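In: With the sequence up front, the predicted model follows.
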Amino acid sequence: MPSFGVSCLLLLLCISQGNCQLQWRKLPSNGASTPLNRRDMALGFDDVNNLLYMYGGRGNSAVGADLWTFNLSSYAWTRINYPGAGPGGRFSVVSGFSTRHKLFVVATGEALPRTKTFLNDIWGYNVTSGQWRLLPARGRVPELRYGASGGLHTNGSSLYVTHGFSSRRYSNTFRYDLDQMRWFTEFEGTHPYSRTSPKPRCLQGGTMVSPDETVFYGGCLSGGSSGGTCPSVDAWSYVRGSTWRPMAECPSPRQFQGMAPWPSKHRKVVMFGGQQVRASIVMAELAPENEVDLLDVASGQWKRLQSVGDPTHGLPGWRAGVLMIPTRNSVLLYGGQLQYGGSPGINLTAVWELTGDIDAAPNAGKCGPRWFAFPHLHGLFMILSWGILLQAGAFIARYFRHRDPLWFIWHQRLQVSGVALGFVGVCLVLPGTLAVPNFAHSILGALIFLWSIQQVINGILRPHKGAGSIEKKRAQWEIFHKWGGRLFLVIALINIFLGLYLVIAPVSVIAIWSTIFTLIVVLYIVFEIRLQQTAPGEVTPMPLDDKKESTSTHYGVGKGVDAESVTSGSNPT
């Protein structure tokens, strides 16, 4: 019973002080001047001096190269006019503050959005000397990139850079050691079809959980030699010297969101904001404006939490291009471009503070499917087309020719329907495509689609049976039409698997397709054995009427020649 009394006392204390809620507070802004509105800037927090450092970012019309501090004791902004050269104007960078080295570090990013100038250098601002320094580029330097995640933990001495984009999407991970002033490769990267490590992507929200652990969520998988949804819903954690570990799925799809570890809570991360809808998204249940997502990195599980607004200013407004950073007792939110909860499109500059008890905050809703993208529709249509209809049409043409003329009627209907659905499927994947697809699934898909069109034309223009040279042309046509079709049907089955892995399909979906695939293979094996066991000249298995002679024997099935097509067109003439 004493424990019950203590629990009641803590609950009353929580309610009386308002700590049960996640509470937003808009911090005052003092000082002679304040930064211009911006998003995608660099942030770092000096825990010793209670200072927030901010550099660069992109505003309404320009890319910044200015350095500011915000004092959490006096709420005053101060612009720092540093001598000499600095990192130059840049945005979408990886940054952080090292307490031990007294360095505010900024790395990678994009300099000029109109000319796509990407960067891979690393700069450190020494708070003692008040100067920027270009840090040595020793070791294996990361490729030019922006839209990476990672960062520098305030108690750490290594800056992590993972994923990102320039000419292509990256999936490798690097670490810059401030003690050795050298780059190290932590993870070599993977391919777009991996399910054991995070695929190539950019613009994901991420943070450092501890000095040598980083976590990220979502990002854009499409474009740049990769494919998938944009934005995505997968989360991953990486610990130095280990491997990437997947987290559960829960929040809506995101990119450009803010993430930060929660103070005093071991390996728990909060996430807010982000772009949830792009051209590739068919439907997404947008997160409520007051939703803050909590990730327990240890268990890999998410919670959707409710927050309450400032009594005077309300909620911060849902925004993209925002950054979050932990302080001693809270998490700060800065910048971003408003998505909803105000006037969309406005770049924001106010500093907001999030406090409260993340363990006692009320839920904002359950986890579950809350979105659907064009790549998902594309996959559905391609499974119906190349995984079912076209396979069935070819199957009927080879093993049911004794049911003349029904075999040809159904063969033609199935193939025409399959090609039509395939065309729709190709159209469905075009919305949101950010670049010319140049990865295996897209290349194979393009070849399969072009072959299906060729098969239709080839079937319509087929040479009819006859004698002499006409019969020779017919035999050549059947070899080309039949074996080419078979080849691409097999390729299509493989390509469906690649597509499912590309879009990170749920295990249940992959299991369903694997069952269909197995059934197709088993049926082909069983019916092919029965066909080969049929004596030459005999009627093929499962005759329609034993009292009638099957006309299929006149078309060569019993003689080892079948003219089934893979799309449409071949008939007995």
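Out: That came in fine, so what should we check first?
In: Below-threshold pLDDT in this protein: ranges please.
Out: Scanning the chain for pLDDT under 70 picks out the ranges 1-20, 224, 343, 369, 432-437, 466-469, 535-573.
In: for it, what's the longest helix?
Out: helix 469-502 (DSSP state H).
In: Show me what the helix or strand following that one is packed against.
Out: Under the assignment DSSP states H and E, the closest C-terminal helix or strand after helix 469-502 is helix 507-533. When contacts are defined as 3 or more C-beta pairs under 8 Å, 6 or more residues apart in numbering; DSSP states H and E, helix 507-533 packs onto helix 390-399, helix 469-502. Quick note: C-beta positions are derived from backbone N, CA and C, even for glycine.
In: if we can go back for a sec, would you mind listing the buried residues in the longest helix of the chain?
Out: 474, 477-478, 481-482, 484-485, 488-489, 491-493, 495-502 (16 or more other C-beta atoms under 10 Å).
In: which strands and helices sit next to that helix?
Out: Secondary-structure packing of helix 469-502 (3+ C-beta pairs under 8 Å, 6+ apart): helix 374-382, helix 390-399, helix 440-460, helix 507-533.
In: Now with 10 Å, please.
Out: With contacts taken as 3 or more C-beta pairs under 10 Å, 6 or more residues apart in numbering; DSSP states H and E, helix 469-502 sits against helix 374-382, helix 390-399, helix 406-429, helix 440-460, helix 507-533.
In: could you dump those helices to JSON lines with distance to A364?
Out: As requested, those are exported to JSON lines (distance: least, C-beta to C-beta, whole Å):
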{"stretch": "helix 374-382", "distance to A364": "25"}
{"stretch": "helix 390-399", "distance to A364": "44"}
{"stretch": "helix 406-429", "distance to A364": "31"}
{"stretch": "helix 440-460", "distance to A364": "36"}
{"stretch": "helix 507-533", "distance to A364": "26"}
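In: so which of those helices gets nearest R133?
Out: helix 440-460 (43.3 Å; C-beta to C-beta).
In: before we move on, back to that, will you turn the helices and strands packed on helix 507-533 into JSON lines that also has distance to G151?
Out: Formatted as JSON lines, those follow (distance: least, C-beta to C-beta, whole Å):
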{"stretch": "helix 390-399", "distance to G151": "49"}
{"stretch": "helix 469-502", "distance to G151": "28"}
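In: who wins for proximity to G64 among those helices?
Out: Here helix 469-502 is closest among the helices and strands packed on helix 507-533 (C-beta to C-beta), at 36.5 Å.
In: and that closest one, how far from the chain's centre?
Out: 32 Å (C-alpha atoms, centre = their mean, to the nearest Å).
In: what about the nearest residue to T99 once chain neighbours are set aside, neighbour count?
Out: Distances taken as C-beta to C-beta, 6 or more residues apart in numbering place T154 nearest to T99, at 5.2 Å, with adjacent residues excluded. Around T154 there are 21 other residues, counting by other C-beta atoms under 10 Å.
In: T154 and L43 touch, don't they?
Out: No - look at T154 against L43 with C-beta atoms under 10 Å: they stay out of range, at 11.3 Å.
In: Now for the two: what residues contact both?
Out: Listed contacts common to T154 and L43 are 96-97, 325; contacts here mean C-beta atoms under 10 Å, 6 or more residues apart in numbering.
In: Quick one: mark the members of those that sit in helices.
Out: Residues of the shared contacts of T154 and L43 located in helices (DSSP H): none.
In: need those in JSON lines with distance to C202, can you?
Out: Formatted as JSON lines, the shared contacts of T154 and L43 follow (distance: C-beta to C-beta, whole Å):
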{"residue": "G96", "distance to C202": "19"}
{"residue": "F97", "distance to C202": "24"}
{"residue": "I325", "distance to C202": "21"}
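In: from the residues you listed, which is closest to R182?
Out: G96 (17.3 Å).
In: which residues does D47 contact?
Out: The contact partners of D47, by C-beta under 10 Å, 6+ apart, come to 97, 99, 154-155, 326-328.
In: And L493, by the same measure?
Out: Going by C-beta under 10 Å, 6+ apart, L493 touches 386-387, 391, 513, 516-517, 520-521.
In: what about the residue lying closest to G44 once chain neighbours are set aside, distance to H153?
Out: Spatial nearest neighbour of G44, chain neighbours left out: F97 (3.1 Å); criterion: C-beta to C-beta, 6+ apart. Distance, F97 to H153, by C-beta to C-beta, to the nearest Å: 9 Å.
In: if we can go back for a sec, right, so of the helices and strands packed on helix 469-502, which gets closest to F187?
Out: helix 440-460 (21.4 Å).
In: nearest residue to V308 other than its sequence neighbours?
Out: Q21 (4.8 Å).
In: Give me the distance between that neighbour and T355.
Out: Distance from Q21 to T355, by C-beta to C-beta: 9 Å.
In: now do L72
Out: If you go by C-beta to C-beta, the gap between L72 and T355 works out to 12 Å.
In: More neighbours: which of those two?
Out: When L72 and T355 are compared for neighbours, L72 comes out ahead with 19 against 16, by other C-beta under 10 Å.
In: Measure how buried W123 is and give me the count.
Out: 23.
In: I'd guess it is in a strand, am I close?
Out: Yes - secondary structure of W123 (DSSP: H, G, I helix; E, B strand; the rest coil): part of a strand.
In: list the contacts for the residue nearest to it when sequence neighbours are not counted?
Out: The shortest distance from W123 to any residue that is not its chain neighbour, by C-beta to C-beta, 6+ apart, is 4.3 Å, and that residue is P87. By C-beta under 10 Å, 6+ apart, the residues touching P87 are 42, 55-56, 65, 67, 93, 95, 105-107, 109, 111, 119, 121-125, 132, 134.
In: and P87, what element?
Out: Using DSSP H and E, P87 falls outside every helix and strand.
In: how close does it sit to V94?
Out: Per C-beta to C-beta, P87 is found 12 Å from V94.
In: G309 against Q23, yeah?
Out: Yes - between G309 and Q23 a contact is recorded at 8.3 Å, counting by C-beta under 10 Å.
In: which element follows the helix or strand where G44 lies toward the C-terminus?
Out: For G44, the element it lies in under DSSP H and E is strand 42-46. Moving toward the C-terminus from strand 42-46, the next helix or strand (DSSP H and E) is strand 51-55.
In: can you give me the offset of that following strand from its chain's centre?
Out: Between the centre of strand 51-55 and the centre of its chain there are 30 Å (C-alpha atoms, centre = their mean).
In: For that strand, which helices and strands make contact with it?
Out: Here strand 51-55 touches strand 42-46, strand 67-71, strand 76-80, strand 94-98, strand 103-110, strand 118-126, strand 323-326, strand 331-334, going by 3+ C-beta pairs under 10 Å, 6+ apart.
In: Using ChimeraX, define a selection of the buried residues within the contacts of P87.
Out: The ChimeraX selection below is limited to those of these classed as buried (16+ other C-beta under 10 Å):
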select :42,55,56,67,93,95,105,106,107,109,111,119,121,122,123,124,125,132
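In: I'd assumed W451 was in contact with L487.
Out: Yes - between L487 and W451 there is a contact under C-beta under 10 Å: 8.7 Å.
In: For the residue lying closest to F381 once chain neighbours are set aside, the count of nearby residues, please.
Out: What sits nearest to F381 in space, not counting adjacent residues and going by C-beta to C-beta, 6+ apart, is G425, at 3.4 Å. A count of neighbours around G425, defined by other C-beta under 10 Å, yields 22.
In: hey, where'd the strands end up in the stretch 201-350 of the chain?
Out: Counting by DSSP state E, counting those that start in this stretch, the stretch 201-350 of the chain has strands at residues 205-210, 213-217, 235-239, 245-246, 258-261, 268-272, 281-284, 291-296, 301-308, 318-320, 323-326, 331-334, 337-340.
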